[in-house]
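# next comes the sequence, and after it the predicted model I'd like to discuss.
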Protein chains: 4
Amino acid sequence: MKKKLRLGMVGGGKDAFIGSVHRIASRIDDKFEFVAGCLSSTPDKSQASGKELGLDSSRIYSSFEEMAEKESRMQDGIDVVSIVTPNHMHAKPSIEFLKKNIHVICDKPMTASINEAKQLYNEVKKSSSYFFLTHNYSGYPVIREIRQLILNGEIGKIRKVKGHYLQGWLGQKEEDKGINKQAEWRTDPQRSGIAGSVGDIGSHLMHIIEFVSGLKLKEIAAELTTFVSGRKLDDDANILLRMSENVKGSLSVSQIATGEENNLAFSIYGEKGAMHWSQENPNYARLSKIDKRDRIITRGTFSEINSMSYIRVPPGHPEGYLEGFAQIYSDIADIINNRDNSNNLLKIIPDEEVGIHIMNFISACVESSKNNSKWIKL
Amino acid sequence: MKKKLRLGMVGGGKDAFIGSVHRIASRIDDKFEFVAGCLSSTPDKSQASGKELGLDSSRIYSSFEEMAEKESRMQDGIDVVSIVTPNHMHAKPSIEFLKKNIHVICDKPMTASINEAKQLYNEVKKSSSYFFLTHNYSGYPVIREIRQLILNGEIGKIRKVKGHYLQGWLGQKEEDKGINKQAEWRTDPQRSGIAGSVGDIGSHLMHIIEFVSGLKLKEIAAELTTFVSGRKLDDDANILLRMSENVKGSLSVSQIATGEENNLAFSIYGEKGAMHWSQENPNYARLSKIDKRDRIITRGTFSEINSMSYIRVPPGHPEGYLEGFAQIYSDIADIINNRDNSNNLLKIIPDEEVGIHIMNFISACVESSKNNSKWIKL
Amino acid sequence: MKKKLRLGMVGGGKDAFIGSVHRIASRIDDKFEFVAGCLSSTPDKSQASGKELGLDSSRIYSSFEEMAEKESRMQDGIDVVSIVTPNHMHAKPSIEFLKKNIHVICDKPMTASINEAKQLYNEVKKSSSYFFLTHNYSGYPVIREIRQLILNGEIGKIRKVKGHYLQGWLGQKEEDKGINKQAEWRTDPQRSGIAGSVGDIGSHLMHIIEFVSGLKLKEIAAELTTFVSGRKLDDDANILLRMSENVKGSLSVSQIATGEENNLAFSIYGEKGAMHWSQENPNYARLSKIDKRDRIITRGTFSEINSMSYIRVPPGHPEGYLEGFAQIYSDIADIINNRDNSNNLLKIIPDEEVGIHIMNFISACVESSKNNSKWIKL
Amino acid sequence: MKKKLRLGMVGGGKDAFIGSVHRIASRIDDKFEFVAGCLSSTPDKSQASGKELGLDSSRIYSSFEEMAEKESRMQDGIDVVSIVTPNHMHAKPSIEFLKKNIHVICDKPMTASINEAKQLYNEVKKSSSYFFLTHNYSGYPVIREIRQLILNGEIGKIRKVKGHYLQGWLGQKEEDKGINKQAEWRTDPQRSGIAGSVGDIGSHLMHIIEFVSGLKLKEIAAELTTFVSGRKLDDDANILLRMSENVKGSLSVSQIATGEENNLAFSIYGEKGAMHWSQENPNYARLSKIDKRDRIITRGTFSEINSMSYIRVPPGHPEGYLEGFAQIYSDIADIINNRDNSNNLLKIIPDEEVGIHIMNFISACVESSKNNSKWIKL
């Protein structure tokens, strides 16, 4: 009979956004059972949120230290914990649970600063448990097909990449309105870290481009801008890239791009072809081939057997954000359960290596921008 | 503390497609707990499927009659059952569970024939339990916004409707290849009923147009065609419509439209505006207003407060088929639990009234086509 | 040295729309020289319009009879005349010029009634001159590529066609506002003929589907509606089709489809593939192939050498309506001048055969609609 | 009676591409008459090309000096000359004709080097004749509407711009194949100048962004790359921008972007809205407004009276590249003829000011790239 992984959660109480997404994602493929939580740093709020979510009150905790301690001693304690707090609260709980040999699923980016990231990275290396980052866009079926096609040489040696992640929701000073918790912590250097838009969404963009292309970032020249007066972190960035194999490129990142919702998109140009994808219509990609007609990739026309396994609904029916997120959770369960395909999955699920790399990217963006867009090596 | 509805399932064992979709949909919002099933008419297969899905073996049944009998006597027996069998097996189990006062969620169309539909309809009227049909496209957030905008008069008095549901997967004789269970039963009059494409997907198309427009079908003139030689049911249909309020229209339905996946789309033209939607990119709609610029409706720009409540992920992140399906399940749970908004939801969740109406539509299509596309009144 | 054809025009004075389009189209490839005209039935208006357009005053005429008479006697009289009047004034001038052995380019549809069409048809057959109809959409480069690909068997035996031509500009009673000449004559049975929307734009739609598919219309069942109260002709139509080779299909035609500009589009479904095209973005088409990825056809990826010859600007730069129209003019000049490719062009340029066929289509639509959408054979 | 401007041409003989485009554009609105040419630097070729185009042999010249000399002395000599040669042959003929008081229409960019540009600029200032550059994308009707809407404050104070111009036709070493004259001169520093992709298409991109936004470029940081081995000029560029009013932005330019045809597009983000346009579908634009639904701008929904005057065909019918190009020619004729709207047109038609500015942009891109993407002030 089917065994589910026991899942705990740090953060994700009332008013939180990403905690709820993690919980739904963990349920979709029925590989996790949510049993314990420290859902808020305020004990009362943690209790209330836990009850509303159906947790047994004995497993609703007031501090993540207590949770790690008690859960690790129970016979049926949690196998894995999701850390869904603001960035400044990623490192400490992650380290705490890793020390108790509990696997960690952490929201991105890894931490609020590169120093914290290095510390956490070292703890993961010492631990026997896994550390995963929910760079969730890498869970879309079409993204996995794109990645495999590029690895197979479908577009030849890559020359150029181009990407953007554009949002408009921070176009005004939302953080001062007293009604937008998301805006408050994401623009607060204490909780978000050294970067605003680059840390929050530039990190996703950089990850997905490296994920599908197989390239590594080598050098960046950036200009970070704060358009909204009085804001403490950047809300916009324009970035030049130099990547491995002499690939060149550019990124446009913004949270003040009026009218944009979650416009994440990329184009990868190779000597023999090109690949185009846009997150707001994620079930399709466009493949260009030199001197041939562009082809539309759908889940119904996947050529890679692996990609087939990521499909939950028939082609033509939209597979969405939650399913992509769920794919990451599902893969993590398979890795932890040491299923057949664990070794393959370990190569594509974001982990501490990805985490520290993206932290380096964020850090280099800030440094380049402070130095008049000087190129910074990674 | 949160109480989940106990859910049973008839059908949906291995090799089935829609059963798995129903189960995922029931988990997304965590309002159901799947506890019992008669997953196949073959006892061994039912047992194996049930175990794989984590059911307690005492609640895996060999017949739906036994399941209805035993579950209705348990203290913690199922509150609701999902019927996810081929069409010819909708009526009998539905009636059986209704008689035991267990709510029924039935896959569409209601039954395999109009006579069966009438019989089931009468049983629902006699029962104190609910009967729901998963016309799942009506669960998309944007569809609900469209419906509300049209009801509010945003496009004025409607004049013309136009819709299509086009698939290509039955372009060859899949039912003879011995590897496609879906093709086998859907083209088999014994299991599918009097219509092929019109019953399978024309029913969805007719429902969604009536759902968003608030109109009722009055008369149809149809031509049903079987393009694949030797096939027993229609695989294509062209239909003229006369609807209430002197609205005219046409439908194009096909399962032999090469290259199409699930291309369901409609346009509704009114005196003051028009509304356009396509299922393969379901998070957007286009609203035309007389002498003004077309507007793009996204979940981020809903004007109806009700529509807001159907959003699970931020605008710009795709909300997909499973979430739309889950919305139907979630609403059904709220109705059964008699939540605040039950009365509103009852108006929009497909039930026995919808079921028998769509059965009439299918039946009239077949009759019109047999009579050289003569207009048939409903 | 290059010799241009001398071109005359009947109709197309001030306030006219299509006359100006014909003149621009005739200039684009520099194969015609506009030298004579009877631009209005009002002599003063004809003179004023002719002068404004730079005609020599001796070649501005007050009646088409006079123009035909005088021009046919001049040494350097016109080689060809364009008839760009309302439909009721197509037959008479066409016949007059044909009798004087002057080639005729006539705007579509051929005439206002099927009887007039037959009369004109007979005159063409007796004449040594050419008669052409500007079904201009058949001049788009991509349309010609589509046609050739279908003829080559790229999508296999055709099963189903689906098309629409939707406009919204007659959604209110424009013909009564005193400021819209176009609306006035197009809704007036005296000038437009027996049909409104079906004659004006349904004729284009029917032609383009037959043009690209190579099929012939066999039978129609139609419902024509007049939505705007007091209007004398249909402003909307829904039509079922039976075509040669057992092809089935449907058309949706409207001039009251709020928000639509010139939304002409079709899909042609065959056993091995399908072809999709939309007039509002005419430089692209989509080709589906069974079990393969859809391909995007652009002018840069034409596979037919003939299609290449219809390109004036590099792929990626839009080739528009005027160029498509100009293609028809350019081909007509090549036919008249008996150029190398004249024989091929004669097969694709709309002529009297096309004209009378489309008149039959219009006539059958009206008849079917009057008979409760009874199927009418052509 | 209508008077046409007498037009001459330098360059544009057989095998040339842009000469033919200029001639068609000059015919569309019938404001020019093509009467003289020095169509090739090889006298025989000039004669042959001129005859084929219908020029009187007495007005086919072997050198532009001779042409300027003789035409300026004739009573009915040319009013205006089009210079459609490779970049290195823009300055000399332009200066020659300006000295003879003949208006000049010059293909972009202004010259092959910034020094030549300054020299030509000074000559224009001394001359009583006009100098125009065919930055043809500024002639699209929708572009003019966008520009006017932005000037009217529709999107508020601008913050960010983003643009790309991507082609793939130079992805391989076309210039060595002996069959591609365009590739040969455009990759040859002797004829093209100091920059490849940046000069050829980056110049268009920079111009259109400044044109619609009303902003001026202040500083750039660039990386120019030559991907095709052995090529002498850049074939790709990534550029950061600082513009007036503290606007930030980035450009991606490429001629090795496999599969791209003429993918020129931009987004302009302001405090109150945003504007999006793409050249490959140029009859539409998207307007975002803060907290409102995006609107689709078509020619049928222009709000600016001026924009209306640029429409030749009804909305919904595509107005293409040639018409956009023709608009530039038409405006130039109106300016030369000193029509009513000349003063308004002078503000938007590219002239020597635009020419030298874009030359500065190209020059700064090259300098920045040579200095490791250092910011360069303009």
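Structure received.

# could you count how many residues lie near residue A:128?
The tally of other residues near residue A:128 (other C-beta atoms under 10 Å in any protein chain shown) stands at 7. Placement of C-beta: from N, CA and C, glycine included.

# is it true that it lies in a helix?
No: Residue A:128 sits outside any helix when classified using DSSP: H, G, I helix; E, B strand; the rest coil, being coil.

# does it really touch residue A:99, like I thought?
No: counting by C-beta atoms under 8 Å, residue A:128 stays clear of residue A:99, with 10.6 Å between them.

# average pLDDT across whatever helix or strand residue A:67 lives in?
Element membership of residue A:67, judged by DSSP states H and E, is helix A:64-73. Averaged across helix A:64-73, pLDDT comes to 97.

# can you tell me what sits against that helix?
With contacts defined as C-beta atoms under 8 Å, 6 or more residues apart in numbering or on different chains, helix A:64-73 is touched by A:8, A:10, A:36-38, A:59, A:61, A:77-78, A:81, A:92-93, A:96-97, A:99-102.

# any of those residues buried? List them.
A:8, A:10, A:36-38, A:59, A:61, A:77-78, A:81, A:92-93, A:96-97, A:100, A:102 (16 or more other C-beta atoms under 10 Å in any protein chain shown).

# between which two of those residues is the distance greatest?
Farthest pair in the buried ones among the contacts of helix A:64-73 (C-beta to C-beta) is A:59 and A:92. Separation: 20.5 Å.

# the residue positioned nearest the centre of chain A: what's it in contact with?
Chain A has residue A:135 as the residue nearest its centroid, 2.0 Å off, counting by C-alpha atoms, centre = their mean. Counting by C-beta under 8 Å, 6+ apart, residue A:135 touches A:108, A:203, A:204, A:207, A:208, A:211, A:328, A:350, A:354.

# between the residues you listed, which is nearest chain B?
residue A:204 (11.5 Å; C-beta to the nearest C-beta).

# my guess is that closest one meets residue A:263, correct?
No: if you go by C-beta under 8 Å, residue A:204 and residue A:263 don't touch, sitting 11.9 Å apart.

# who has more neighbours, these two?
Counted by other C-beta under 10 Å, residue A:204 and residue A:263 do not tie: residue A:204 has more neighbours, with 22 against 19.

# show me what the closest residue to residue A:103 other than its chain neighbours is bridged to.
Nearest non-adjacent residue to residue A:103, counting by C-beta to C-beta, 6 or more residues apart in numbering or on different chains: residue A:80, 4.0 Å away. Beta-bridge pairing for residue A:80 (DSSP bridges): residue A:7, residue A:103.

# quick check: residue A:80 touching residue A:9?
No: the pair residue A:80 / residue A:9 is not scored as a contact, 9.9 Å apart, by C-beta under 8 Å.

# tell me if the helix or strand where residue A:357 lies is near chain D.
Using DSSP H and E, residue A:357 sits in helix A:352-370. No: using C-beta under 8 Å from any C-beta of the partner chain, helix A:352-370 never reaches chain D; the gap is at least 10.0 Å.

# chain center to the helix or strand following that helix, what's the gap?
As assigned by DSSP H and E, the chain's next helix or strand after helix A:352-370 is strand A:376-377. Distance of strand A:376-377 from the chain centroid (C-alpha atoms, centre = their mean, to the nearest Å) equals 23 Å.

# kindly report the same for stretch A:287-307.
Relative to the centre of its chain, stretch A:287-307 is centred 26 Å away, using C-alpha atoms, centre = their mean.

# buried residues in it?
Buried residues in stretch A:287-307 (16+ other C-beta under 10 Å): A:287-290, A:293-302, A:304, A:306-307.

# just give the nearest non-adjacent residue to residue A:367, would you?
Nearest non-adjacent residue to residue A:367, counting by C-beta to C-beta, 6+ apart: residue A:376, 5.3 Å away.

# could you look up the SS state of residue A:249?
Under three-state DSSP, residue A:249 comes out as strand.

# do a quick rundown of the strands in the stretch 151-300 of chain A.
For the stretch 151-300 of chain A, strands defined by DSSP state E, counting those that start in this stretch occupy the ranges A:158-166, A:217-225, A:236-243, A:247-254, A:263-270, A:273-278, A:285-289, A:294-297.
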